[in-house]
Structure formats: C-alpha cells, structure tokens
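**Q** okay, structure incoming, though there's no sequence with it:
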DNA sequence: CATGGGATTGACT
DNA sequence: GTCAATCCCATGC
C-alpha cells in the first residue's frame, strides 16, 4: 500500500473529499478505512479559512497534503487533510473510519463508553473519536500526511470503487445547505445522523 | 483586555 | 431530546 502524495490533494477539495473514502489512515500501528469526509473551502463561511489568514489557519492555507489538526469545543482534536494550492484555504475533514489494525490499542485509548469498553463500532464513528482512538493530537498539526507520523494510504482492492452517498455537513451553523458531506453508503461506522 | 462561540461527545431525562 | 465540559482564538471596545 502506497501513501498518497501531495499531488493527490492539490486539486479542488470537492474532488478530493469523495476520493478519500476507502483510503486508509494510519498512526503508530493503528489504522482504519475512511468512510466519512466533509469538504471545507475558504469561499464559504463554515470554513475556518473564511476569516482569512490568521495564526490558527496558517496550516490550512499551507501546502496540500499537510495535516490540519485543531481543537474543537475545547476538548477534541479534529483531523483534516489540506487541499488545493498553497495559499488557498481548503481541507477535507476526516469524520469516521472502519477500524482495521491496532483495535485493542484503540479500545484502551477510547476508554469506557457508557461504563463499558467501547465496541468496535464506537471506536472511530466520529471525528473526535477517531483522533482519540489513533492517538492523534494537536502536535501533529502541520505534519505531512505522506511522510507521517500520520499517513493516508491509497485505496486497496476491496475499496476500488466504493458506493458513496452525499449529504449536508454536520455541526455547523453557516452554509448548512451545501451537500459537501460524503459517506460510504450504508456503512455502520459512519457518524450520526447516518445518510 | 474581555467576551463569546464552536467542523463534539457522553451522560442524563 | 437536553446539557455541560473546556480552551483557543477572533472580534470588539
């Protein structure tokens, strides 16, 4: 399996987001297949880059293929893949994975859910959950998704041409109508509300 | 300098 | 369905 290179990300974010479905995210031996993504672009107000270049959005405007990791609600780390050219603020939010390798270590990192160890389906079925399960934190902001420590690999044969359903994005207050969310159709690891 | 608001989750009613 | 946790940073005075 080969890591995706910068040129994969250096094109319109709406093109990259569905193409990341079926690719694999890996960090320190833990990995999962991407089953849900969302596209964000500086031209619309739900994107952090909409406000322009600030210390927070510096990586978002950086080179394609970088990881943009930021803190959400003061608690969670959310993982994005920076897209389009350097100087353009655009990224794909990785929202859910199907756990693949290192599942027991993910269970340790996720801790108890409802007083019990997380079931496989609860490990990576949300953007905050998957970063916790894989051990991805804010210090990975600005690192290369081709070279690591967090890497994204191309689709393997089992995900050659996945069935994808598009819908509206989750948890935002602006530009809510844009159908920029992409899910592997029917996959149980997609976050709620499932498409 | 003070304030307010999240690209969420889990616990509780 | 509702709600608190928790903190960075954008914005406004």
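**A** In hand now; what should we look at? Computed from a predicted structure; not experimentally measured.
**Q** now the helices for chain A?
**A** Here chain A has its helices, by DSSP state H, at A:6-9, A:13-19, A:103-110, A:120-123, A:127-134.
**Q** of all those, which lies closest to DNA strand B?
**A** Closest approach to DNA strand B among those (Cβ to the nearest atom of the strand): helix A:127-134, 3.3 Å. The C-beta positions use only the backbone N, C-alpha and C, and glycine is treated the same way.
**Q** residues making contact with that closest one?
**A** By Cβ atoms under 8 Å, 6 or more residues apart in numbering, the list of residues contacting helix A:127-134 from outside reads A:25-28, A:30-32, A:69, A:72, A:75-79, A:93-97, A:99, A:106, A:109-110, A:122-124, A:136-137, A:150, A:191.
**Q** restrict those residues to contacts with DNA strand B.
**A** A:72, A:75, A:76, A:78, A:93, A:110, A:122, A:191 (Cβ under 7 Å from any atom of the strand).
**Q** closest one of these to DNA strand B?
**A** When these are ranked by distance to DNA strand B (Cβ to the nearest atom of the strand), residue A:93 comes first, at 3.3 Å.
**Q** tell me who's in contact with that closest one.
**A** A:37, A:38, A:39, A:40, A:78, A:79, A:80, A:127.
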